[in-house]
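1. I need the structure of the sequence given here:
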Amino acid sequence: MNLVLLDEECERYNPFDPHRGQEQIYVQLTLSLALGLSALFGFCFLRPRWKSFYAARKCRSISASELPELPDSFLGWIPILHNVTEDQVLETAGLDAYVFLAFFKMSIRLFSTIFFIAIVVLAPINSHFDWLPTFGDPQGLHNSSETNLFSYNHHNTVLMTISLPTVVLANKKDVPDPTYLWAYLIFTYVFTGLAIHFMTSQTKKIIKVRQKYLGCQSSVTYRTFKLSGVPPELRTKSKIRDLINNFGIGRVRNVSIARNWKNLDRLMDERAKLLKKLEAVWAIYLNKKSFKENKLSKNQSLYLRDSIQTSQAEDEPLLNQGQNSTEYDNCRPKSKVYFGIFSWHSRKVDAIDLYEERLRRLDEKIINARNDQYPSTSTAFITMDSISACQIAVQTLLDPSPLHLIAKPAPAPTDIVWQNINLPRYNRMIRAWVITIFIIVLTIFWVVPVAALAGLLDICSIQHFLPKLVKILSSHDILKSLVQTGLPTLVVSLLNIGVPFLYDFLSNQQGMTSQGDVELSLISKNFFFTFFNVFLTFTVAGTATKFWSTLHDSLKDTTFLALKLAGSVQQVAVFFTNFILLQGIGLIPFRLLEFGSVSLYPIMRMCSKSPRDYWELMQPPVFKYGFYLPSAILVYILCIVYSILPAGYMVLFFGIIYFINSYYTYKYQLLYAMDHPQHVTEGAWPIICYRILLGLCVFQIVMAGIIALKNQFYAASLVVPLIPFTIWYSYYFGRTYHPLMKFIAFRSIQRKGNTNVNNVEDTSLINFETNDLLQRNDTFDEEREEESQYLNPNLSAPLVKPWIMQSSELNRSSNYIENEEALVTSIIRENSVTSSLSLGDTHVWRQNSNNV
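-> Just a heads-up that it's a prediction; the model follows:
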C-alpha cells in the first residue's frame, strides 16, 4: 500500500468520492433543471407562433395531416401527443419511427421494473451491509463500513492507493458479512433474464408489426431486389429478364442496369452550382434595382412638385429616363473572366449574361450526354410482379460462382446514392476499410481532448494556470462543484453532440450505395465512439489521464482490465449519474426546441439571396437516427451496469426520466416537426439488440469482478457462465430473429383475392386495434415512393430554370423582412413554379411535376 502525502495548501479533489458526489448532484440537478425548463418553456412559447417550423411535417406531409391537431395552449399539446397510439405512429410516420420509439418504451418498462426491485430489495441490503448514497444524507457514508475497493479518508490529507488485485483492510473486524454478495449473484441472473425477456418480447412484437405492415402493401421497393456481381455477358436488360424469368420464381416487370454515369453526374453537379450563382446575381441585381427605383421615385416626386411651382424644364424628364437606364445598367453585377495564355489577361463582364450563357451551353452538353451510351456496371435493379417473387430471389443462391448474381433487398429509389452505385466493388471496399481504420484511430486518440477535460476535475491542476480562479472557487462551494462536476459532464455531452456530424460526413464518403446504409453505419460508429470515450475512458482508466497506463497494464495481464473495470465502476457512479441527469433533464428539451436550427436561422437567412435559398431555408430538418440512438443505448447500458450497486437506484431513477423525456421529445419530432426519409428498419433494431447484449456482458463482467474483489470467489465464478450464455444468445438471436427483420415471410404477404391463406391462425400475426392499415390504399412508405422508379434521376430530371423574383413583387416593400416574405412567395420567372403550399405564417412554392 502506497501513501501519498498531499500539499496542505492544495486540497486535491477526488471527483469519484461518493460523499462529495451527493452534494454535487444537487448542483447538477439545479443546472439541468434550469437548462431543461428554459428550453421547454421556450418551446411552448414559440410552438404556436412558429408553426411553419415546429409543425413543418404536419403541414407538408399528407399522411401527417391525419394526426390530431395540437392546441395552441402552453402545455395542452402534451396530453394530445401522449394519446397518439402506436397504430397512428405506424400509419403516419412509418415503420422507422415505430421501431425507434419502441426502444424507449421498452426501456421505460424494463427499468421501471428493475427500479422497483432495487428500491424494495437491493437498497435495504446495500444500506445494511455496504453503503447507500442518499439525497438527504450526504454524511451517511461515514456511518457505514469501508468496503470499497479504493478506500480513503475524506477528513485527512492522506490518500491511500492500492494495487490490484490484492485488497488489504486495516481492521478485519470492520469486514461485513459477505453473504450479501450472494444477492448480487442472484439479481445478476434476474436482471439479465429481465433484459433478455423484454428485448425478446419487443423483438417479437416488432417482427409481427413489420411482417403485417410490409406484407399488405405493394410498394415498388419491396418488389425490387438489387442484383450485384452481374457478369459482362449478361449486362443487358433482355438477358437479365430472360435469366430471372427462367428461374420460375415470378415475372420480371422492369430491369434497370446501373451504368457509369460519372460524366453526366459531373455535369449536373456543375449545373446546380451554376444555377445558384445565376440566381444569386439576379437577386443582387433586383435588390439594387428596387433600391434605385424607390430612391428615384422619391426624387422624381420632389422634382415634379418643384417643377409645378416653378413651371420650368419640360424636357428634363426625358433626360431623367436616360439617367435611369444608365443607373439600372450600373446595378448589374460584374464578373471577372480570364483569357489568353495561362489566363494572364482578364476583364469584367456582365455576370448575369455570363452565367446565362454558361447555363445555356451546359444544358446543351447535358442533353447530349443523356443521349450518349454509357458502359454497364455489375449492378442491376430487378422489379418483380409481386413481393413473394422478390422475397424468393433475395433468399436464394442464384449462381454457383462466388460473388456472382448476389440478390439483396433493394433500397428505396429515392434512397440510392447513384454516384456510389457507379463505383467498382474494390473501390468501395478500399474506402470502407480506410475510413473505418481512420475512425478507430480517431476514436482512440480522442482521449487526448477528453484528458484535457479531466483536468477540470482537479482544482490543483487549475491552480497552476489560474490561481485567482481557484481562490474564487474555494470560497464558493457551489461554483466549485459546478466547475468540477457540472461543467465536465456538460462538455462531454456537447462532445457527443458534435462528433456525430464528423462521423456523418465520413460515413457519406465510405462509398455506401444507400442513405439507409449510411444511417446504420452512423449508428454503429457513433455508438463505438460514445461507448469507448465516455464509458471505458472514465470507467476503466478512472480518469482519461490514466488511460494509456491502464491499457499498458491490461496488455500484460488480461484479468487486470476486468478487475480494474469492477473496481472503478462504483467510483465513477457520481459522474455517470450527473451525465444521465444532464442528458435527460437538461439537454433533451433542447432537442425539442431544435436549438441548433433556431440559432443558425439568422445566420443562414443573412447568407440567403435567391428565392431558392429561402425555400431551402424553410425546409424542416431531417431526423437522423444515428445522432440520437447511440447516446440512448449508452444510457441503457449504464442503467443495467449500475442496477445492483449501491448507487444504482439513483442511476435508474434518472435513467427512467431520460427515457420518458426522450420518448415524448422524439415522438413529437418524428410525427409533427422533422422529416425522416431513410429506410433503416431492416438493420436498426438488430443493431440495438446486439448493443444491449454487449451491455449485458459488461454488466456481468463488472458484477463478477466486484464479487471477486470482495473475496467471494465461488459466487463470482457462478456469474461467469452468464457471459458465454449471453454470447450464445446473440448468435441465437442472429439466426432466429434477425432474418425476420430483414425479409418478409410468405405467410405475411397479402395476395389479391386470397386474404385468408396467410392468416391460418390469428395468433401468428399481430392484431391491430383497427384494420385501417390493411384497408388503406397506400401506406406511409407507398405514399413517399409513389411514381418512383429505379433510374438515375440525372437522366430524366428536368433542367429547371432560375427562380427569380419579379421586380413588382420586390417593390411592394422596402423593408428587408417583408422582402424576404416576397422572395419566398414571389412568382418564379417563366412559370417554373405553379402552386403554393401554405405553412401558416409563410408560403413555400413547389415546382410542378413538369419542372421537378
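2. and this protein, what are its domain boundaries?
-> 2-214+422-748, 798-852 (automatic domain parsing).
3. pick out the shakiest of these, pLDDT-wise.
-> Least confidently modelled of the domains of the chain is domain 798-852, at a mean of 45 by mean pLDDT.
4. pull out the buried residues from stretch 353-361.
-> L354, Y355, E356, L359 (16 or more other C-beta atoms under 10 Å). No exception for glycine: its C-beta is placed from N, CA and C like everyone else's.
5. let me redo that: stretch 791-805
-> For stretch 791-805, using 16+ other C-beta under 10 Å, the buried residues are N792, N794, V800, K801, P802, W803, I804, M805.
6. which of these fall within helices?
-> Judged by DSSP state H, the buried residues of stretch 791-805 include N794 as members of helices.
7. and of the buried residues of stretch 791-805, the nearest to F531?
-> Checking the buried residues of stretch 791-805 against F531 with C-beta to C-beta, the nearest one is N792 at 38.3 Å.
8. contacting residues for the closest residue to that closest one other than its chain neighbours?
-> Closest residue to N792 apart from its sequence neighbours, by C-beta to C-beta, 6 or more residues apart in numbering: W418 at 4.7 Å. Counting by C-beta atoms under 8 Å, 6 or more residues apart in numbering, W418 makes contact with A258, W261, D265, N792, P793, N794.
9. distance to K348 added to the residues you listed, as TSV?
-> Formatted as TSV, those follow (distance: C-beta to C-beta, whole Å):
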residue	distance to K348
A258	44
W261	37
D265	32
N792	38
P793	37
N794	33
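10. so which of those residues is the closest to I387?
-> Among the contacts of W418, and counting by C-beta to C-beta, the member closest to I387 is A258, at 22.5 Å.
11. what are the pairing partners of the helix or strand the closest one falls within, and which direction each?
-> Secondary structure from DSSP states H and E places A258 in strand 252-259. Take DSSP bridges as the rule and strand 252-259 pairs in its sheet with strand 376-384 (antiparallel).
12. ok, F116 - how many residues close by?
-> For F116, the count of nearby residues is 11 (other C-beta atoms under 10 Å).
13. an error on my part: the question was meant for T236.
-> 14.
14. just S32 next, same as before
-> Neighbour tally, S32, other C-beta under 10 Å: 26.
15. which residues touch it?
-> L581, L582, G584, I585, G586.
16. and of the residues you listed, the nearest to N246?
-> Of all the contacts of S32, G584 has the smallest distance to N246: 58.0 Å, by C-beta to C-beta.
17. right, and D675 touches P620 too?
-> Yes. Using C-beta atoms under 8 Å, D675 makes contact with P620 at a distance of 5.3 Å.
18. which residues do the two both contact?
-> A56, R57.
19. show me what contacts the closest residue in space to H404 that isn't next to it in sequence?
-> Excluding its sequence neighbours, the residue lying closest to H404 (C-beta to C-beta, 6+ apart) is G229, at 4.6 Å. Contacts of G229 were listed using C-beta under 8 Å, 6+ apart, and they are S378, D399, L403, H404, L405, I406.
20. okay, now the first one: neighbour count?
-> Going back to what we said before, that points to S378. Neighbours around S378, by other C-beta under 10 Å: 20.
21. count of neighbours near the residue nearest to it when sequence neighbours are not counted?
-> Spatial nearest neighbour of S378, excluding adjacent residues (C-beta to C-beta, 6+ apart): V230 at 4.9 Å. Residues near V230, counting by other C-beta under 10 Å, number 23.
22. hang on, V230 in a helix?
-> No. Counting by DSSP: H, G, I helix; E, B strand; the rest coil, V230 falls outside a helix, being coil.
23. follow-up on the earlier one: quick check: the residue nearest to H404 vs L398, distance?
-> Distance of G229 to L398, computed by C-beta to C-beta, to the nearest Å: 9 Å.
24. so S335, which state does it fall into?
-> strand.
25. show me what it is bridged to.
-> V349.
26. wouldn't it be in contact with K348 here?
-> Yes. At 6.9 Å, S335 and K348 qualify as touching, with contact defined as C-beta under 8 Å.
27. these two: who's more crowded?
-> Using other C-beta under 10 Å as the criterion, S335 and K348 rank with S335 on top: 14 against 11.
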